[in-house]
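Student: below is the structure, and that's it, no one-letter string:
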């Protein structure tokens, strides 16, 4: 293909500087309800965007130590789990649920898509069923993940009388305040909106003695570390804390030492997602139209379900409209879109009503989007870690995936 020069890897490629632009200020943004963070990115060797996928080796299936039916949990909760056709727990569930049921603090290290949500919801639902006065706070980096967790909660807790409230930035705060005034056992929220509601005196954490931090490393990346410390300091003991993350950086480890009590660390090692993904670059020649090159890719038959990453909110919206004007079924998701419109775009993409979703990094972590055939970095990510998380949206569940980066 002349336009994209897929195989030009003989010459030493240039180093590329990934930089965020747009003059964000240090105020609460609308992506996750937290602080915007200005940073210029880091130098990334273009060779890091080129990698031939390793053959997916047959691995011995994981043999769980127990079944859901054997867990010491409420019979009605067991029935809801069985109704969802869940028999054997995933590795992270198998290793952590029993510990959580014993009241221990747990650090669970596992990749996105490994069943972490069930790993903390099942023991916490059981705890609330045993004592309806118990309250749980779940802190997550993005509103999409918060809603995804609430959907899982409703399925696990169907008919059990457990009420939840989602409080996230970018959505109207008044209905959230109204919901907080009604009876509830569980609050799921993003750090910035939680802090806002506390400052307004609409949320009081004094009655909470259980807290889950999900995607903790992503919250650190987004600059939420101080907000998390504040939230944890407001939840007085005795407190049970469940902490889930893909990685454990020194800063996060210090956080766990400060706020967790004799935690049990469980690490589920999996093959790196990026090893299962064909990765290559699209080299733009002088004078080439970037959108034209992208269009030529997207009309190929193997580009079935494509997630495209743009650096900025404005760029994501502009690109989505440009693709739509060319007759392609495209939607966008970014922080300038209303909560309802973001959820609609995500739903259309998940249900294959549109086959292209243009997004900022808000979609790079935590979201479970099945069957993404390609990830395209229309803009180079800020860091290599961001790159790894972006391309991790494809090549999932043993399926092949492709990641392409424009340079």
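Tutor: Right, received. Where do you want to start? All values derive from a computational prediction rather than experimental measurement.
Student: ranking helices and strands of this protein by mean pLDDT, which lands last?
Tutor: strand 15-17 (a mean of 42; mean pLDDT, DSSP states H and E).
Student: got a list of what the residue nearest to residue 108 when sequence neighbours are not counted touches?
Tutor: Leaving aside its sequence neighbours, residue 108 sits nearest to residue 244 (Cβ to Cβ, 6 or more residues apart in numbering; 4.6 Å). The C-beta positions use only the backbone N, C-alpha and C, and glycine is treated the same way. Residue 244 makes contact with 107-110, 116, 119-120, 212-216, according to Cβ atoms under 8 Å, 6 or more residues apart in numbering.
Student: ok, these vs residue 306, which is closest?
Tutor: residue 215 (23.8 Å; Cβ to Cβ).
Student: how close does the closest one sit to residue 190?
Tutor: Separation of residue 215 from residue 190 (Cβ to Cβ, to the nearest Å) stands at 11 Å.
Student: of the two, which one has the most company?
Tutor: More neighbours surround residue 190 than the other of residue 215 and residue 190, with 30 against 21 (other Cβ atoms under 10 Å).
Student: and the helix or strand hosting residue 178, average pLDDT?
Tutor: For residue 178, the host element (DSSP states H and E) is helix 173-181. Mean per-residue pLDDT for helix 173-181: 96.
Student: thinking again about what came up before, what do residue 215 and residue 190 both touch?
Tutor: Shared contacts of residue 215 and residue 190, counting by Cβ under 8 Å, 6+ apart, come down to 140-141.
Student: next step: the contacts of residue 244 restricted to strands.
Tutor: 107-109, 212-213 (DSSP state E).
Student: give me the number of residues near residue 370?
Tutor: Per other Cβ under 10 Å, the neighbour tally for residue 370 reads 11.
Student: my guess is it contacts residue 350. True?
Tutor: Yes - between residue 370 and residue 350 there is a contact under Cβ atoms under 8 Å: 7.1 Å.
Student: measure how buried residue 384 is and give me the count.
Tutor: Other residues within reach of residue 384, judged by other Cβ under 10 Å, total 15.
Student: that one is in contact with residue 44, isn't it?
Tutor: Yes - under the criterion of Cβ under 8 Å, residue 384 makes contact with residue 44 at 5.4 Å.
Student: show me the strands in the stretch 301-407 of the chain, by range?
Tutor: Assigned by DSSP state E, counting those that start in this stretch, the stretch 301-407 of the chain shows strands spanning 306-309, 330-333, 356-359, 374-377, 401-406.
Student: rewinding a little: nearest to residue 260, of the ones in strands among the contacts of residue 244?
Tutor: Among those, residue 107 lies closest to residue 260 (Cβ to Cβ), at 7.0 Å.
Student: go ahead and confirm the closest one touches residue 252.
Tutor: No - if you go by Cβ under 8 Å, residue 107 and residue 252 don't touch, sitting 9.2 Å apart.
Student: what do those two both touch?
Tutor: Contact criterion Cβ under 8 Å, 6+ apart; residues shared by residue 107 and residue 252: residue 245.
Student: how is the chain carved up into domains?
Tutor: 15-56+272-406, 68-267 (automatic domain parsing).
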